[in-house]
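Student: Structure here, sequence nowhere to be found:
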C-alpha cells in the first residue's frame, strides 16, 4: 500500500481499499488514512486552494492581470 502511494501520490483511499480487498484484506478508509498519516504521507488528492483559483481566473492563462475592458 505504501509503495503504491509513493509511486502515485494521487491514489485515493478508495482505490487503495479496492486494491487491498482484491488481496483479501478488508480495511476501512479511515484506517488507510491513519496509516498513511503515520508514515507522513498526507493528502491524496491534488487540488488548488480556492484563493489561487480566483487569482488564476483574474490573471487568465497568460499570468498577466487582465483589465476589466478586455473581459
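Tutor: That came in fine, so what should we check first? Source: prediction; values computed, not measured.
Student: Distance check, the nearest residue to residue 6 once chain neighbours are set aside against residue 25.
Tutor: Distances taken as Cβ to Cβ, 6 or more residues apart in numbering place residue 41 nearest to residue 6, at 7.5 Å, with adjacent residues excluded. Yep, even glycine has a C-beta here, placed from its N, CA and C like the rest. According to Cβ to Cβ, to the nearest Å, residue 41 and residue 25 sit 19 Å apart.
Student: again with residue 1
Tutor: Distance check for residue 1 against residue 25: by Cβ to Cβ, it reads 9 Å.
Student: Comparing those two, which shows the higher neighbour count?
Tutor: A direct count of neighbours by other Cβ atoms under 10 Å for residue 1 and residue 25 places residue 1 higher, at 19 against 10.
Student: any idea how far the residue nearest to the more buried one when sequence neighbours are not counted is from residue 30?
Tutor: Leaving aside its sequence neighbours, residue 1 sits nearest to residue 16 (Cβ to Cβ, 6+ apart; 5.6 Å). Relative to residue 30, residue 16 is positioned 12 Å away (Cβ to Cβ).
Student: Also residue 21?
Tutor: Between residue 21 and residue 30 the distance is 15 Å, computed by Cβ to Cβ.
Student: Over to residue 10?
Tutor: Going from residue 10 to residue 30 by Cβ to Cβ gives 19 Å.
Student: sorry, back to before: quick one, which of residue 16 and residue 30 is more surrounded?
Tutor: Neighbours were tallied for residue 16 and for residue 30 using other Cβ under 10 Å; the higher tally belongs to residue 16 (21 against 9).
Student: Buried residues, stretch 30-44. List them.
Tutor: For stretch 30-44, a neighbour-count test (16 or more other Cβ atoms under 10 Å) marks 32-33, 35-36, 41, 44 as buried.
Student: Looking at these, which is nearest residue 6?
Tutor: For these, the minimum distance to residue 6 (Cβ to Cβ) is 7.5 Å, reached by residue 41.
Student: Where does the closest one sit, in terms of helix or strand?
Tutor: Secondary structure assignment for residue 41, by DSSP states H and E: no helix or strand.
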